[in-house]
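Engineer: A predicted structure for the sequence below; I have some questions about it.
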Amino acid sequence: MIKPIIKVIIPAYNEQNAIANVINDLPKIVDEVIVISNNSTDQTELNAKNAGATVLKEHRKGYGYACLKGIDYINKQKTTPEIIVFLDGDYSDYPEQLTEIIDPILNNDIDFVIGARIKKLREKGAMTPQQVFGNWLATFLMKLFFNAKFTDLGPFRAIKYEKLVALKMEDKTYGWTVEMQLKVLKQQMTYRELPVKYRNRIGTSKVSGTIKGTIFAGIKILSWIFKYSFK
């Protein structure tokens, strides 16, 4: 089998203490690590570059803006990859599990794989109560409306590049993850969840760590679900 080209997209906002750990723990099978600095004001960009990543800048704040910047960069390359992997830059994920995440794509021709942060593999406190509830509610509604088997909106995920392009992602902020999962369902792509480990992040969360962030994330996630439920 010809070795697939694998690219990793990591949105990062002020993750100077974590970003190098994330990059260094990624398996060597990754062809390019792309860190999108989402208006960082610390040493995130320098530390990412020193760790060997390609660093892009996106001054518009928002997780989706950063991911779209990374995708646009890849779209313009002469040779496009077979697989795109997304994960966070706060070191809460275990980057070495990338090989497990992409395995169903390589060996079972699955289109989309998401790492599920199941309770028994999570460090205590790694997810806030509002995150746990929000994940439960969103996945419950997806099951109700679409008969989905998702149990998490985890950020550690892999997708075939051609399928990612077909999704025509558009969310700019908090709804990015759920938009991807909803579009996978609507387009009847094959998907799988794999249990992954999850630890307390380095630093403070910019979303779940604030009341404002939690509220806006909840509203955005629910709006995407109801938008597709009645489409």
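Structural biologist: Thanks, I have it.
Engineer: what separates stretch 55-62 from the chain centre, distance-wise?
Structural biologist: Remark: stretch 55-62 is offset 16 Å from the chain centroid, using Cα atoms, centre = their mean, to the nearest Å.
Engineer: what comes up buried for stretch 98-117?
Structural biologist: By neighbour count with 16 or more other Cβ atoms under 10 Å, stretch 98-117 contains the buried residues 98, 100-102, 104-105, 110-117. Any C-beta I mention is one placed from the backbone N, CA and C, and that applies to glycine too.
Engineer: mind listing the strands for the protein?
Structural biologist: For the chain, the strands defined by DSSP state E occupy 6-12, 32-37, 54-57, 83-86, 112-116, 157-160, 191-195.
Engineer: Pipe the ones you listed into CSV and attach distance to Ile23 and mean pLDDT per row.
Structural biologist: Below are the strands of the chain laid out as CSV (distance: least, Cβ to Cβ, whole Å; pLDDT from 0 to 100):
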stretch, distance to Ile23, mean pLDDT
strand 6-12, 8, 98
strand 32-37, 5, 98
strand 54-57, 11, 98
strand 83-86, 13, 98
strand 112-116, 18, 98
strand 157-160, 17, 98
strand 191-195, 22, 97
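Engineer: Centre-most residue in this protein?
Structural biologist: With distances taken as Cα atoms, centre = their mean, the chain has Pro155 as the residue nearest its mean C-alpha position (3.2 Å).
Engineer: Pull the contacting residues for the closest residue to that residue other than its chain neighbours.
Structural biologist: The shortest distance from Pro155 to any residue that is not its chain neighbour, by Cβ to Cβ, 6 or more residues apart in numbering, is 4.7 Å, and that residue is Asp88. Listed by Cβ atoms under 8 Å, 6 or more residues apart in numbering, the contact partners of Asp88 are Ile10, Pro11, Val22, Pro155, Phe156, Arg201.
Engineer: Over to Asn135?
Structural biologist: Met127, Thr151, Asp152, Leu153.
Engineer: Tell me the one of those nearest Glu58?
Structural biologist: Taking Cβ to Cβ as the measure, Glu58 lies nearest Leu153 of the contacts of Asn135, at 21.4 Å.
Engineer: from what I can see the closest one touches Thr139, true?
Structural biologist: Yes. Using Cβ atoms under 8 Å, Leu153 makes contact with Thr139 at a distance of 7.2 Å.
Engineer: what residue ranges in the chain score low on pLDDT?
Structural biologist: 1, 205-218, 220, 226, 228-231 (pLDDT under 70).
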